[in-house]
Structure formats: structure tokens, C-alpha cells
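K.L.:
return atomic coordinates for the entry below.
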Amino acid sequence: MKGRSRARISQCMIVKNEERNIEHALSWGKGIVSEQIVVDTGSTDRTVEIAEQMGAKIYHFEWIDDFAAAKNFAISKAKYEWIAFLDADEYFSEEDARKVLYYVRQLQDKRYDAILSSWVHLMDDGTISAVGTQSRVFRNSRGVRYVGRIHEYITSVDGSDFRFVDAVNELSIYHTGYGKALHDGKVSSGRNLKIILKELEEHPDSHRMLGYLGDEYYSAENLEKAEEAFRKSISLMPDTVETIDPIRTAMTFTKLMEILYANIETTEENFMEIYNKATLRLPQEGDFDFYAGKYFSRHGNYRKAEKHLKRALAQLEKYGTAFKSMFLSGDIRQAYEMLATCCFNNGNLAECINYSTVLLKADRYLMSTLFLMLTAFSFDERSGRKEAASALAVATFLGQNLYDFSTLKDRLFVLKAAMKANYGSMVAVLREMFRPEELVIVDQALAGEHKEN
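P.N.:
Numbers count the residues shown, from 1 in each chain. Sure, this is the predicted structure:
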């Protein structure tokens, strides 16, 4: 118990021209970490000044096109038992920051080197674009260091096993660097591309670096060069199943599949060739089936799309998100929306309704989803099937599980969806819920909307 109580954290980061982020980057650790170390690699703005005002220890490192070298320099200045190494555009929430301190104190006397956490990429509007996995909290040990000039990673450098605790369901690092303004700035600077090309000069057969080269071209919207780099990376991957860097391997396949999906002229044979190679190498990955579902849905093959989307969700449920299913977990809503649409087009109305219910429980004001659900109920009613639910039963279900029909907002929202779905019996049931004076106002409003449309 004594070891647990003494475990402390050094927060480290390397920065350059981060005046817009540095205050926030240092704020999450206040009261949690025992020191804050900022290594500046050549800022020309107020980054250093702000960091000093925040109480951080400032060091300077001459930039040599080597991220691992800069980060390892920062680690060498840390004096406490654990290190939290986040970038300036990353942060823990207040709640998760407290959990980090709890974790390191629990692990202090155990044989673990790092803690895995979710890595949540946020766009400028706050929406999630993807969810990955990172090990940014690790033991301050001589045998643990960063490796790689670019896209560096923390690992054991003394030959020992690198042991980590899986906390992806408990801890999340939020990354705001995927916002368009920041991302475009990094792409246009050519910083990463320069280092990657230098690495490839020395190691031309590095499938890992070729994957990162593809990323750079993809971000610059040079899809032809991106596809070429991704295909070359895949051709150079070892025959054995990739275990060293599953995220990089999955990303190479996934981004190539995204390029193929976006090209309407991509044949099923060409798309599935990459899909089959991908699933053979990483059989637990859910993103491959997610993109296969998107491909087949776009081409109107709803049966194959439904099969792949169901498999993607099953993979996610069975294997989780540690080092896998980055895009599926970040866009789970789209997966369910596509799956509900596929089920509807395949005549699987009950499943369409079930998947729509899942979506509406997360956000009951998704008009497109409610429209699809009510259209499915309407089709079922018109089929003459004995077991088909009546409009009254459907309204009861909605009122008990999704909507508060005591509010005008919810009644009006569902009424609009029913009208849009041409679900006449449901419209009649819903209109009975309005007082006569309300109906006058509702009808006037709906008539006005109809004229505008």
C-alpha cells in the first residue's frame, strides 16, 4: 500500500507554436500530476511564455526531424514514477484525469509498463470522426522509450516484454488536431512528408512507412499516389499475421478500401480482393466489414451490405476497440442507419424497426430514422399480415419507449414523420392526441411548411 500512495505522474509534451492549445493542454493535469514538462522545439509565438505562466518546467530541444528523440529528451527530464505524454491538442476530461492517478497508484507495485486508453478524434464542430487506441501513460523506466523518427511509439527498448493494462473502456484521450484548420496546416507544411520520405530512403521496403506515406497523400487529396503507396505497403507486408502494429496495418487496408469505395467505377472484384487480404491478416477487425457494407450499400446490393454490416457490429461487440475498429466505433450511428436501410430494402421489416429503435434511443429526433421506422410499420400493416402491429399499438410503443406525447414537440415531430411516411392510420391516431385548438395551429403550420417546400 505504501508504493501505491507514493506513485506520482510527470506530464510531458513537446511543442512548437501551440499558443492556441497550450493553456488547455496544461490545465487538465492541474492537481493530478506532480510536475509539467514542456519541451519546445522552436516556437516563434507565445507558447513558451504561456507555459511558463502556467508553472511548467521549460526545456529547449533543437529540432532534428526526429519525434522520438525529442520525446525521449522530455522523458529524461521527468523525475516521477509515471509519465503522461499527451500532445498540446490532446487532453483528458476532469473525471478521466482523476482515474489516471488512481490507475498508476494501483499499478505501481505490479509488473505493468503502460495503460491503454481510447483515442477520440474530434472535428471542429465537436463530432467524433474516429476512435483509436493509444498508450500515453507509462512507467518512467530506462527500458521504456519512444522509437521512430515519425509516428513514434512507446515500447520496451531493453528486450523485455512491454506489458500494458487495457483501460480503453475507462479512459479517453480527446484529440482536437483532426480539425480542418489544424490538419490542413500540418499537411501544407510538408513536415511529416519530408520525414517519411527520408525514412523511406533508408528503408525503402518499410510497409509501415509506406502506409504513412499513403496517409500524407490521402490528406493532400492526391488519391492516385495514396492508392499507389497503400498497395505497395500491402505487397511488402510479411506473410505472417501482423501483430507488431495492428493499427497501422488496419489503417493501410481501410484507407485503401475507402478510396475504392469512393470511386463509383470500382468493381466488386477489385474491392473484395483488398477486403479478403485484409480480413485474412486481421480477422478481428470490424472496419473492413464496415467499409464493405458501405461499398455494397452504395451499389444497391443491400443483401451483401446487410451481411457485412451485421458482421462489423458483431466483430465490434465480440472483440472490442483495443487496437481495432477505429472508424466503425467512431461512426457507429452511420453503421446502424445503413443497416436499418438495408433491412428495409431487403424486406426485413422487424429488424429495420429494431435497428431504428436503437438509433432513436440515442437521439429521438432523427427524422430520417423515424421516417424509415414508420414506413416499415406502414408496409407491414398494408401487407395484411396477421401479426402486423396496429397503428394504435405502434403509437403506444413509441410513447412508452421513445417519446413523451404529453409534450406538443414530440407529438408534432412524430406526426410529421407519419405524414411523410404516408402512414395514414398512424396520422389518425396521433391527431386524436391533439386538442381541437392545437390542431388548428398544427394544420396551419404544416400547411405553411408544405407551401415552402
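K.L.:
wait, R281 touches M237, no?
P.N.:
Yes. Using C-beta atoms under 8 Å, R281 is in contact with M237, at 7.1 Å. Using the backbone N, CA and C atoms, a C-beta is placed for each residue, glycine as well.
K.L.:
identify the contacts common to these two.
P.N.:
Counting by C-beta atoms under 8 Å, 6 or more residues apart in numbering, the common neighbours of R281 and M237 are T249.
K.L.:
looking at the two, which one has more neighbours?
P.N.:
For R281 versus M237, neighbours defined as other C-beta atoms under 10 Å are more numerous around R281 (21 against 18).
K.L.:
so how far is G320 from the more buried one?
P.N.:
Distance from R281 to G320, counting by C-beta to C-beta, to the nearest Å: 19 Å.
K.L.:
got it, and Y261?
P.N.:
When distances are taken as C-beta to C-beta, Y261 and G320 turn out to be 25 Å apart.
K.L.:
same question, Q36
P.N.:
Counting by C-beta to C-beta, the separation of Q36 from G320 is 32 Å.
K.L.:
and E49, by the same measure?
P.N.:
In terms of C-beta to C-beta, E49 sits 43 Å off from G320.
K.L.:
between those two, who's got more neighbours?
P.N.:
More neighbours sit around G320 than around the other of E49 and G320, counting by other C-beta under 10 Å; the figures are 17 against 13.
K.L.:
not counting residues beside it along the chain, what's closest to the more buried one?
P.N.:
Closest residue to G320 in three dimensions, ignoring its sequence neighbours and counting by C-beta to C-beta, 6 or more residues apart in numbering: V168, at 7.0 Å.
K.L.:
got it, and D380?
P.N.:
A388 (4.5 Å).
K.L.:
one more: S297?
P.N.:
The shortest distance from S297 to any residue that is not its chain neighbour, by C-beta to C-beta, 6+ apart, is 4.0 Å, and that residue is A305.
K.L.:
where does that neighbour land in three-state SS?
P.N.:
Secondary structure of A305, reduced to three states by DSSP: H, G, I helix; E, B strand; the rest coil: helix.
K.L.:
what residue ranges in this protein score low on pLDDT?
P.N.:
Counting by pLDDT under 70, the chain shows low-confidence ranges at 1-5, 177-189, 240-244, 448, 450-453.
K.L.:
which residue ranges form the strands in it?
P.N.:
Along the chain, the segments classed as strands by DSSP state E run 9-15, 35-40, 57-60, 82-85, 90-92, 114-122, 128-139, 144-147, 153-156, 164-166, 172-175.
K.L.:
and G300, how far from N345?
P.N.:
Going from G300 to N345 by C-beta to C-beta gives 8 Å.
K.L.:
please identify which of these two sits among more neighbours.
P.N.:
Neighbour tally, G300 and N345, criterion other C-beta under 10 Å: the higher count belongs to N345, 16 against 8.
K.L.:
how about the contacts made by the more buried one?
P.N.:
By C-beta under 8 Å, 6+ apart, the neighbours of N345 are Y302.
K.L.:
kindly recompute the last result at 10 Å.
P.N.:
For N345, the contacting residues are 297, 300-303, 305-306, 352, taking C-beta atoms under 10 Å, 6 or more residues apart in numbering as the criterion.
K.L.:
kindly report the same for H175.
P.N.:
Taking C-beta under 10 Å, 6+ apart as the definition of contact, the neighbours of H175 are 86-87, 89-91, 119-122, 129-132, 134.
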